[in-house]
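>>> this one's structure only:
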């Protein structure tokens, strides 16, 4: 089944403790992206990657890192999480950069930083 | 100010009724406009996509319209079902940049 998977789905952590949220897609998509979703706000892009070893900042990259060492994986790293990073995070992928391609979203990771 | 504004923020309707959700945007120029459905605890799933030249697009009981002159789109749901309860998100794409609305939370009650 074609899908985007994220792990973990739920995570409670404390300020300053490094964490990684994994994202994997099995559709051979070139483009992958991370978003955060907060109440009353639309999804905001954190980072995106147009291909292996190519990553770029989105709208809200501060406090996050990503890597794209292989096509299928795009982990999101929080080196020193803070409470304002408490949010719902979505990974997404699409085949390439064509304007009409559908973007597929993962199930989401709900993060609470205490 | 968000470049994509959706209204209403939330809506409650009875099963079997129709409803219309609104999306106003200021993104310009744009490549396409999509409506997504997001069930609670799940990622968004694409319902419809329209380019600049399209006025309407249907997907079963969902019909999206687009007025590029007034920069407005609507999503009409016909004969609502309990499973339509979800958030509906309007997304406007400009080149590589996608702008998301905050969504309309629809609740369908029996």
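On my side now, so go ahead. These numbers come from a predicted model, not from an experiment.

>>> Without its sequence neighbours, what residue ends up closest to residue A:33?
residue A:48 (4.1 Å; CB to CB, 6 or more residues apart in numbering or on different chains). All C-beta spots, glycine's among them, are computed from the backbone N, C-alpha and C.

>>> I'd assumed residue A:29 was in contact with that neighbour.
No. Under the criterion of CB atoms under 8 Å, residue A:48 makes no contact with residue A:29, lying 11.8 Å away.

>>> Alongside chain A, which residues does chain B contribute?
Within reach of chain A by CB under 8 Å from any CB of the partner chain, chain B has these residues: B:2, B:4, B:31-32, B:41-46, B:49, B:51, B:89, B:93, B:95-96, B:98-103.

>>> Pull out the buried residues from those residues.
B:4, B:31-32, B:43-44, B:46, B:49, B:89, B:93, B:98-103 (16 or more other CB atoms under 10 Å in any protein chain shown).

>>> if I pick residue B:26, what's in contact with it?
B:3, B:4, B:71 (CB atoms under 8 Å, 6 or more residues apart in numbering or on different chains).

>>> Tell me which residues touch the closest residue to the last one other than its chain neighbours, please.
Spatial nearest neighbour of residue B:71, excluding adjacent residues (CB to CB, 6+ apart): residue B:25 at 5.2 Å. Listed by CB under 8 Å, 6+ apart, the contact set of residue B:25 reads B:3, B:4, B:5, B:33, B:71, B:72, B:73, B:90, B:92, B:99, B:101.

>>> which one among these gets closest to residue B:64?
Using CB to CB, residue B:73 is the member of these that sits closest to residue B:64, with 6.3 Å.

>>> from what I can see, that closest one looks like it's in a strand, true?
Yes. Judged by DSSP: H, G, I helix; E, B strand; the rest coil, residue B:73 forms part of a strand.

>>> Quick one: low-confidence residue ranges for the chain.
Here I'm looking at chain A. A:99-100 (pLDDT under 70).

>>> wrong chain, I was asking about chain B
B:1-2.

>>> hey, where'd the strands end up in it?
Per DSSP state E, chain B carries strands over the ranges B:4-7, B:10-14, B:19-25, B:32-38, B:45-51, B:56-59, B:62-67, B:72-77, B:86-94, B:97-100, B:104-109.

>>> Leaving out sequence neighbours, find the closest residue to residue B:93.
Leaving out its chain neighbours, residue B:93 is closest to residue B:31 (CB to CB, 6+ apart), at 4.5 Å.

>>> Give me the distance between that neighbour and residue A:97.
Distance of residue B:31 to residue A:97, given as CB to CB, to the nearest Å: 11 Å.

>>> One more: residue A:61?
19 Å.

>>> who has more neighbours, the two?
residue A:61 (16 against 12; other CB atoms under 10 Å in any protein chain shown).

>>> you'd agree that one is up against residue A:44?
No. Counting by CB under 8 Å, residue A:61 sits too far from residue A:44 to count as a contact (10.1 Å).

>>> got the residue ranges for the strands in chain A?
According to DSSP E, the strands that chain A contains are A:4-7, A:10-13, A:19-25, A:31-37, A:44-51, A:54-57, A:65-66, A:76-78, A:87-94, A:104-105, A:109-113.

>>> To residue B:58, which of the ones you listed lies closest?
strand A:104-105 (21.6 Å).
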